[in-house]
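Participant: give me a model of this one.
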Amino acid sequence: MNVTLPDGIRLWCARSGHGKPLMLLHGLGGCGGDWAMQLPELNRHFHVVRPDLRGHGRSSHPAGGYTIKQMADDCAALLKMLALPRVHLAGISLGGMVALQLALDFPQLVDRLALVNSTPALTPQTFGQRLELWARLAAARRLSMRWTGFLLSWRLFPAREQRLLRKLFLQRWSHCNARSYHATLRGLAGWTVLERLPQLQAPLLVIAGEHDFFPLSAKQLCAERAPQGRLVTIANSRHASIIDQPEACTRILLDFFNGNS
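Facilitator: Numbers count the residues shown, from 1 in each chain. Predicted coordinates for the structure are as follows:
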């Protein structure tokens, strides 16, 4: 379904299942469909809401406004339009950053919060982190979306048995809107909510893939600074934990949102 927000931005949103509302937010270059492997179980327990963030999927691709703050505001407006006053919330990578911003800016909207392979800050502190950001921005400027997808597919799914996942990822990534992707990537640089984490009211679960490229130290810091935060690690997983370890990720999310952990 399409939902037009008060500022004219149109968000595509999929809804399924029954029960307590649960909003799932995708990562950079993705869409709500990235959570497909979690849906069979989550739909049995929750009313699942999966928007495509602005500049992604079937949502609007405006000329500007590609910041985490703006995307969080979009999600808050969407919840109001859908008459969902309070939800559980989960996000992976970029989606986790948007979810964290949303929970801090609109605490009345969020019951429980889960972040998958995300971070509370994109302010490089070491030479390695600065090099990583520079390389990502340089690649985005110089490479086509297909070549970017090819390189990312091997980084996300390097194992021989993950050949099909690489193929599917490349097919999807090749259709990303290059202008929106570049604008979003530029808008991420310098974002941080580190100093606000002690204000977080929602119970927080930080999920970390064992081999994720976001440093474990950032995730540990996020869990430690939040008043009700804890960290769990998924073994043999990289950045796309909801895809490379879908059963483990789904089980952890279910336990957390059902109040069992």
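
Participant: does Leu113 count as helix, strand or coil?
Facilitator: Applying DSSP: H, G, I helix; E, B strand; the rest coil to Leu113 yields a three-state assignment of strand.

Participant: share the number of residues neighbouring it, please.
Facilitator: Neighbourhood size, Leu113 [other C-beta atoms under 10 Å]: 28. Yep, even glycine has a C-beta here, placed from its N, CA and C like the rest.

Participant: ok, now the one 5 residues further on?
Facilitator: Around Ser118 sit 27 other residues, with neighbours defined as other C-beta under 10 Å.

Participant: is it true that it touches Gly96?
Facilitator: Yes. With contact taken as C-beta atoms under 8 Å, Ser118 and Gly96 are classed as touching, separated by 2.5 Å.

Participant: what about the helices in the chain?
Facilitator: 39-45, 68-81, 94-105, 127-142, 145-156, 163-173, 178-188, 216-225, 241-244, 246-257 (DSSP state H).

Participant: out of those helices, which comes closest to Gln199?
Facilitator: Ranking these by distance to Gln199, with C-beta to C-beta as the measure, places helix 94-105 first at 6.4 Å.

Participant: what's the angle from the closest one to helix 68-81?
Facilitator: Using axes from the mean of the first three to the mean of the last three C-alpha atoms, to 10 degrees, the inter-axis angle of helix 94-105 relative to helix 68-81 is 70 degrees.

Participant: okay, helix 94-105 in PDB with CA atoms only?
Facilitator: Only the C-alpha atoms of helix 94-105 are listed here, as PDB (Å, rounded to 0.1, in the frame of the first residue of the first chain):
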ATOM      1  CA  LEU A  94      20.700   2.000   8.300                       C
ATOM      2  CA  GLY A  95      17.300   0.800   9.500                       C
ATOM      3  CA  GLY A  96      18.800   0.400  13.000                       C
ATOM      4  CA  MET A  97      20.100   3.900  13.000                       C
ATOM      5  CA  VAL A  98      16.700   5.200  11.900                       C
ATOM      6  CA  ALA A  99      15.000   3.100  14.500                       C
ATOM      7  CA  LEU A 100      17.300   4.400  17.300                       C
ATOM      8  CA  GLN A 101      16.700   8.000  16.200                       C
ATOM      9  CA  LEU A 102      12.900   7.300  16.100                       C
ATOM     10  CA  ALA A 103      13.000   5.800  19.600                       C
ATOM     11  CA  LEU A 104      14.900   8.800  21.000                       C
ATOM     12  CA  ASP A 105      12.900  11.500  19.300                       C
END
